[in-house]
Structures are given as structure tokens and as C-alpha cells.
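> Sequence first, predicted model second:
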Amino acid sequence: MGEIELIATTTFGLEAVVKRELQNLGYKDLKVENGKITFKASEKDIPIVNLWLRSADRVLLKMGEFEALSFEELFEKTKALPWHEWIPEDGEFPVEGKSVKSKLFSISDCQAIVKKAVVEKLKEKYKREWFEETGAKYTIEVSILKDIATLTIDTSGAGLHKRGYRLHGVEAPLKETLAAALVQLSYWNEDRLLLDPFCGSGTIPIEAAMIGKNIAPGLNRNFASEDWPRIKKVYWQDARREAWDLMKRDLKLDIIGLDIDKKAIEVARENAAYIDLDQEIQFIATDFRDFKFDNDYGVIICNPPYGERIGEKEEVKSLYKDMGRIFNRLDTYSIYVLTSNEDFERLYGKEADKKRKLYNGRIRVDYYQYYGPRPPK
């Protein structure tokens, strides 16, 4: 079983979070670039990282990287790569592409050339002229940045944010991968109260519960590479069995999700119940202004409305002022707020201890972090 290179892709701003996740899984010599972390691995690791990465978007198998200044160069260097070692005779291999600041800027042409090069390579191996592509899926991506082409095969299939528990969403949902990152960027641990006063369909509380109980986020879904003949079924079985064994089943958590929308709370409860976390999280349909904050040393993590739409701006200004009025009295709490509203600190009435630039989908946001004291031991 030879060494391979994998790439964990990530939303801009979450590279350090994914790097730490990989280090905690035991991977070393990580190369961090904008939106991706490259690392050495083996075939056995493909199931492990797909099952365990919480904040990465997907896991790609790196096939090769080279300079490509012409279509001929792209064709020849792509054809030279060992596609036949991964893609079987019946494999389905669509090609996706992107190009940034490169001479080869036509994405459709790059995709067509890579597809043709892979076909030519497989013709040599399988001694046939036509491929029906009825088998397992191997989505190839050609990514060209400043004339350097990186060719990969997607091992994940659907993005890693698709955990399988979100049966129904609500308006403006937070991606599961970003929600997990918000929790990991906070001072919360399983011994402390975690409260989300605008929980919507429950993504932040559910991701926190999965972190607290050490539940592998990919345990309830399938991945494209599960169907690849080269990756032995026993690797997937072993990785899943180990994930089940590492779960902290008996651990009791104190997690609360609030939302003024009763329908959202019903959806949140259903989502949590789907992965047996409904007993770990208390979902309450109420306005946070009416909630009694009784605990000491709690952690609030939230993604309140941003006021992006016309007509919402005044409502959101009032909301942020009320958040400041109530939360600033909680002097033993650590408070984390994600919003795109650039006036947040002024409206909230307090400057953050730290501010981190992130992206919620295509929306540029800041993660405002207010640190409370550490709980006494």
C-alpha cells in the first residue's frame, strides 16, 4: 500500500481549524494554503478523514501538479498521470474545472482536454476504444492557479457538510462545517453550558453535541470512494467500528437551543432525534429576551439575523442592542457572534476581544469573540 497525497479543502478562514483537526487525527507535515491543506496518507486514511473531518468541505485525492502554459502541455502531462491505478474499466469520470489568473482561462476547454487525456490513458490500459462509465464515480477536478494545474479525484462525493441529520432546513441555514468550526474556535468544552439563542434548525447545538460526545460527523452517510475497488471494504468497516467505539455514549451534556420560531424548534428537535441527540439538547421556543440565564460560566455561540434584506435593518439594529444589554451582564460567560453587520460592535455596545474574518456561503462575515473568565477547577 503506497503513499498517497490527500487534500482537505476548506472555506476561506477555516484552514487553521482543519489543520488542527488533521493534527489531532495524527497527521503531520501538513502544507497549508488558501482553502486547502495537503498531507501525506495511505488508502486506509481515506475512510478515516472522510468520517472525522468536521470543518473541511471535502477530501480530494491528489493525482498530480504541474505547470501548464498550453493546452498541449495540459493534455500530455495529464495523460502521463496514473489514472488507470484508480479508475476501473467501468468507472464514471466526469471532469470539473476552475482557473484563476492563468493563461488557460477557458474552463470548458480545460475540462474537455483533461477528459480526453484520461480517456487516452485508460485506452492504453484497458485496450478498448469506448468507456460506458456505468460504475463507481470518480469526479476529476482540474484546478489551475497562476498556470499551475492541480489534478484531483473527489473521494467524498456530496460535500462533507451533508452529515445526514438535517431532514428539514429553515431559512438561511448555517452549514454544518461552519457551525462545527464556530464551536471549535470557542472556549466551550463538554463540562460547560452551551447556549444558542437563535438556533434555527439546531445546527450549532447539534454540532456541539457531536463534538462533546466525540461522534464522527460522517458516521450517518456514504462517500463516493466507498464504491472504489482499490479501497478495501475492510478499511471502511474498521474506520466505522473504531468511530463507534470512540463515542462517549454515557456523557451528559448541557446544551440549549432557543428560537422565537416554533416551527424552527420543531425542525431542530427532529434533526437532533434523527441521530439520537434529542436527549442531549434542550430546544425551547422562546425569545432570548425572556430567557433566564441562570448558569455561571456558560458559552453563547450564535448566528443571529444579519439584516441583509431591505426592511430588516432597523429590526436587526434593535436586536443587536438588546443582545448587548442582556449579554453584557453575563460577566462569567464567553460569547461568540457571527454576523456580516459591520456596525455590530457599536450596536452591541462592546468591542470584541478578537474578531475573525470568515465566509458564510458567499457572505463575508466576522466572528466576534468575547472572552469570559475560565471556570474554577
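Received, thanks. Numbers count the residues shown, from 1 in each chain.
> drop to CA atoms for contacts and neighbour counts, all remaining ones
OK.
> For the chain, just list every one of the strands.
Counting by DSSP state E, one finds strands in the chain at the ranges 4-9, 31-33, 36-41, 58-67, 95-100, 140-145, 148-154, 194-196, 255-259, 281-285, 299-302, 334-339, 354-360, 363-370.
> Now tabulate the ones you listed in TSV and tack on distance to Lys123 and mean pLDDT.
Output for these, formatted as TSV (distance: least, C-alpha to C-alpha, whole Å; pLDDT from 0 to 100):
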stretch	distance to Lys123	mean pLDDT
strand 4-9	24	98
strand 31-33	34	97
strand 36-41	29	98
strand 58-67	18	98
strand 95-100	17	97
strand 140-145	17	97
strand 148-154	19	98
strand 194-196	55	98
strand 255-259	56	98
strand 281-285	55	98
strand 299-302	54	98
strand 334-339	51	98
strand 354-360	43	96
strand 363-370	44	97
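> Can you check which of the ones you listed gets nearest to Glu266?
Distance to Glu266, taken as C-alpha to C-alpha, is lowest for strand 281-285 among these, at 8.4 Å.
> chain center to that closest one, what's the gap?
Counting by C-alpha atoms, centre = their mean, to the nearest Å, strand 281-285 is centred 24 Å from the centre of its parent chain.
> Mind listing residues that contact it?
Contacts of strand 281-285 with the rest of the structure, by C-alpha atoms under 8 Å, 6 or more residues apart in numbering, involve 205-206, 209, 253-262, 265, 268-269, 272.
> Asp322: how many residues sit nearby?
With neighbours defined by other C-alpha atoms under 10 Å, the count for Asp322 comes to 17.
> Quick one: residues contacting Asn50.
Counting by C-alpha under 8 Å, 6+ apart, Asn50 has contacts 58-59, 156, 160, 218, 223.
> of all the residues you listed, which two lie farthest apart?
Val59 and Gly218 (12.2 Å).
> re the thing from before, would you mind telling me which of the strands of the chain is nearest Tyr165?
strand 281-285 (14.4 Å).
> Look up how far Ala264 lies from the nearest residue to Asn303 once chain neighbours are set aside.
Using C-alpha to C-alpha, 6 or more residues apart in numbering and skipping residues adjacent in sequence, the residue nearest Asn303 is Leu338, 4.9 Å away. Applying C-alpha to C-alpha, to the nearest Å, the value for Leu338 to Ala264 is 19 Å.
> Val170 touches Cys199, doesn't it?
No. Counting by C-alpha atoms under 8 Å, Val170 sits too far from Cys199 to count as a contact (10.3 Å).
> can you tell me the distance between the two ends of stretch 294-306?
27 Å.
> In that stretch, which residues are buried?
By neighbour count with 16 or more other C-alpha atoms under 10 Å, stretch 294-306 contains the buried residues 297-306.
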